[in-house]
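K.L.:
below is the sequence, then the predicted model.
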Amino acid sequence: HVQLVESGGGSALAGGSVRLSCTASGYTASPACMAWFRQAPGKFREGIAHLERGGDEAYADSVKGRFTVSKDNSKNTLYLHMNSLNSEDTAMYYCATDRVACRQVGYPKDYWGHGTQVTVS
C-alpha cells in the first residue's frame, strides 16, 4: 500500500530556511502529482505547492517566490525548499499524492502523509 513519510520539520528563525522531505513507497509507477499542504492552528488546510509527473510546478500565492518543490526520482522523494520564513508559515506540513492529476493547487489528493511540524519564531 502507498505510504508517504514527511521529515525535516522543526524550529526555524524568521528569515531562515527549512527543507522538508517526503518519501513515497508502495507505488508501482510514479504518481501523477505530488503536493504539499499545510494547516496552521485554527485554520483550514491550505494547498501550497505541487509538482506534476511531467515537471510542471504550481504554487499558492502565499508561498510563491519563497518556496520551491523538487523531486529526486531515484529516491522517490519530494522536497519543499522553504526560504524567507515568517511566523505565518508555522503549521503542520503534509505531503500528498494523486494517481490521476494535480488539478489546481489545493485540490484534494488520494494519499496523505502524517505531517511534519514547522515552527517559525
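P.N.:
In hand now; what should we look at? All figures in this text were calculated on a predicted structure; none of them were measured in a lab. Numbering: from 1, shown residues only.

K.L.:
where's the most centrally placed residue in the chain relative to residue 28, distance?
P.N.:
Central residue of the chain (C-alpha atoms, centre = their mean): residue 36, 2.3 Å from the mean position. Applying C-beta to C-beta, to the nearest Å, the value for residue 36 to residue 28 is 23 Å. Any C-beta I mention is one placed from the backbone N, CA and C, and that applies to glycine too.

K.L.:
could you identify the helix or strand that succeeds whichever strand or helix holds residue 6?
P.N.:
Assessed by DSSP states H and E, residue 6 sits inside strand 3-7. Counting by DSSP H and E, the next helix or strand C-terminal to strand 3-7 is strand 10-12.

K.L.:
quick one: stretch 100-115 to chain centroid distance?
P.N.:
Relative to the centre of its chain, stretch 100-115 is centred 10 Å away, using C-alpha atoms, centre = their mean, to the nearest Å.

K.L.:
end to end, how far does it reach?
P.N.:
This stretch, stretch 100-115, spans 22 Å end to end (C-alpha to C-alpha, to the nearest Å).

K.L.:
again with stretch 75-95
P.N.:
With C-alpha to C-alpha, one end of stretch 75-95 sits 15 Å from the other.

K.L.:
what about the strands in this protein?
P.N.:
All strands of the chain, identified by DSSP state E, fall at 3-7, 10-12, 18-25, 33-39, 46-52, 57-59, 67-72, 77-82, 91-98, 111-112, 116-120.

K.L.:
including distance to residue 104 and mean pLDDT, could those go into TSV?
P.N.:
Formatted as TSV, the strands of the chain follow (distance: least, C-beta to C-beta, whole Å; pLDDT from 0 to 100):
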stretch	distance to residue 104	mean pLDDT
strand 3-7	20	97
strand 10-12	28	97
strand 18-25	20	96
strand 33-39	11	97
strand 46-52	8	97
strand 57-59	8	97
strand 67-72	15	96
strand 77-82	18	97
strand 91-98	12	97
strand 111-112	18	96
strand 116-120	23	98
